[in-house]
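In: I would like to see how this sequence folds:
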Amino acid sequence: MGTAVDSTNGTGGALAPRELLLADDLFLAAHDDVSGKPRLPARAAGLGLAAALLGELVMFRRITLRRGDVVVLEKGPVPDALAHLVFEEVRREPEPAPVWDWLTYLAEDAYQRVAERMVRQGLLAPQTKRLRRAGGYQPVDLNAAAWPLVRLAQKLAREEPVVLPDIVLAGLVRATGLNPYLRAAALADVTTYQQRLVAQLPTPLRVLVAEAEGAVGEAVLRRRR
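Out: As a prediction, this is how the structure comes out:
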């Protein structure tokens, strides 16, 4: 039976910085791996990616969540350009602000910022004008595009140990409404193990996932009115 690999605020230095770029994996999971077509409404995707960007900073040990607020822990540089820019925005605030406010603020352009990071990394390419209606970006490597969701589905289906970033990913997959795609990739209902792992997350990350789920839920309700 798998558990969270670490009971601290982050990863304890066990993973390379690239493995902590949670938003990239969520972006890929939120799109068809062949066409690049979005699987989520724009607002849900934006809120999920906003949470993923904050999750990266938690795992990089630059911020934490205390009593619902985003609080700076350390002021050193973050080993990723986008993550560092987001951290600087948080750091410049004179007082800690609620995580809900940060999710709302970052969701406005999280999609574009994460996509541009992935283009720089060679993971995405802008779509041609003929295909742009599908989502704006095309995966460069179809296997790499499918891998985050497939990797997570396989781990959950086998109830294997799961590293911390993937447990957060599992939480955000559920929070944003991507669970049907996760179950399809797993060829099984993995909800029970998924929920158990998310419940074992360090408190800041568990609260972040819950806040993201609440924000997405509210956005869905507003969309239906």
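In: list the contacts for R43?
Out: 107, 216, 219, 223 (Cβ atoms under 8 Å, 6 or more residues apart in numbering). C-beta: built from backbone N, CA, C; applies to glycine.
In: most surrounded residue in those residues?
Out: Of all the contacts of R43, V216 has the most neighbours under the rule other Cβ atoms under 10 Å, reaching 26 neighbours.
In: for the residue nearest the centre of the chain, give me its contacts.
Out: The centre of the chain sits closest to A52, judged by Cα atoms, centre = their mean, with a distance of 3.2 Å. Shown in contact with A52 (Cβ under 8 Å, 6+ apart): 22-23, 25-26, 110, 114, 168-169, 172.
In: right, and A219 touches A44 too?
Out: Yes. Using Cβ atoms under 8 Å, A219 makes contact with A44 at a distance of 6.1 Å.
In: one step back: helix or strand for the residue nearest to the centre of the chain, which one?
Out: According to DSSP states H and E, A52 maps onto helix 42-59.
In: tell me the first helix or strand C-terminal of that helix.
Out: Next along from helix 42-59, by DSSP H and E: strand 63-66.
In: kindly export that following strand (C-alpha atoms) in CSV.
Out: Presented in CSV, the C-alpha positions along strand 63-66 are these (Å, rounded to 0.1, in the frame of the first residue of the first chain):
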residue,chain,number,x,y,z
ILE,A,63,5.6,29.3,0.9
THR,A,64,3.2,27.5,3.2
LEU,A,65,-0.5,27.8,4.1
ARG,A,66,-1.4,28.9,7.6
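In: helices or strands up against it?
Out: Applying 3 or more Cβ pairs under 8 Å, 6 or more residues apart in numbering; DSSP states H and E, one finds that strand 63-66 contacts helix 42-59, strand 69-72, helix 203-224.
In: nearest to R196 among these would be which one?
Out: helix 203-224 (12.2 Å; Cβ to Cβ).
In: helices and strands around that closest one, which ones?
Out: helix 42-59, strand 63-66, helix 99-107, helix 164-176, helix 191-199.
In: can you put the ones you listed in CSV and add mean pLDDT?
Out: What follows is the helices and strands packed on helix 203-224, written out as CSV (pLDDT from 0 to 100):
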stretch, mean pLDDT
helix 42-59, 97
strand 63-66, 96
helix 99-107, 97
helix 164-176, 97
helix 191-199, 97
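In: which intervals of the chain have sub-threshold pLDDT?
Out: 1-17, 129-135, 224-225 (pLDDT under 70).
In: how about the secondary structure of A23?
Out: helix (DSSP: H, G, I helix; E, B strand; the rest coil).
In: excluding chain neighbours, give the residue nearest to it in space.
Out: A52 (3.7 Å; Cβ to Cβ, 6 or more residues apart in numbering).
In: would you mind measuring from that neighbour to T192?
Out: 24 Å (Cβ to Cβ, to the nearest Å).
In: and if you look at V168?
Out: For V168, the distance to T192 - Cβ to Cβ - is 18 Å.
In: which of those two has more residues huddled nearby?
Out: Taking other Cβ under 10 Å, V168 and T192 do not tie; V168 has more neighbours (31 against 10).
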